[in-house]
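[1] here is my input; please provide its structure:
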Amino acid sequence: MDSANASSSEPAEAAMPVVAGLSDRDGQILAFERHWWKYAGAKEQAIRDQFQMSATRYYQVLNALIDRPEALAHDPLLVKRLRRLRAARQRARSARRLGIEV
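    Prediction:
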């Protein structure tokens, strides 16, 4: 049973094909976004440590990245999930501005 768990705990990015048009940093950002964070501050600190950029700049880069077709080809499930979350946040912001309850 341990051997089955060990093979499933290998990094998912090793199994992901390399897509032309994505830089190493773009691939690293997508791999980073596959992780789940228990505490909000931990992710921001990891962004600073791993990418040497502020969280604001990271999210600007991420939002531009998930709009690219190369990213969608690289990891469709992740990119679609990130696009869906972004759209939900945009809808919530618009509703708050208009005074509509969502």
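[2] where does pLDDT dip in the chain?
    1-20, 102 (pLDDT under 70).
[3] what comes up buried for the longest helix seen in the chain?
    The helix that spans the most residues within the chain, counting by DSSP state H, is helix 76-98. Residues of helix 76-98 classed as buried by neighbour count (16 or more other C-beta atoms under 10 Å): Leu78, Val79, Leu82. From N, CA and C alone the C-beta is placed, and that goes for glycine too.
[4] which residues touch the first one?
    To tie it back to what came earlier, the one meant is Leu78. Leu30, Glu33, Arg34 (C-beta atoms under 8 Å, 6 or more residues apart in numbering).
[5] most neighbours among those, which one?
    Ranked by neighbour count (other C-beta atoms under 10 Å), the contacts of Leu78 have Leu30 at the top, with 22 neighbours.
[6] follow-up on the earlier one: which of the contacts of Leu78 lies closest to Asp24?
    Of all the contacts of Leu78, Asp24 sits closest to Leu30, with 11.0 Å by C-beta to C-beta.
[7] centre of the chain to the host helix or strand of the closest one, how far?
    Using DSSP states H and E, the element containing Leu30 is helix 24-33. Its chain's C-alpha centre and that of helix 24-33 lie 8 Å apart, by C-alpha atoms, centre = their mean, to the nearest Å.
[8] by contact count, what packs against it?
    In this structure, helix 24-33 makes packing contacts with helix 40-51, helix 55-66, helix 69-74, helix 76-98, judged by 3 or more C-beta pairs under 8 Å, 6 or more residues apart in numbering; DSSP states H and E.
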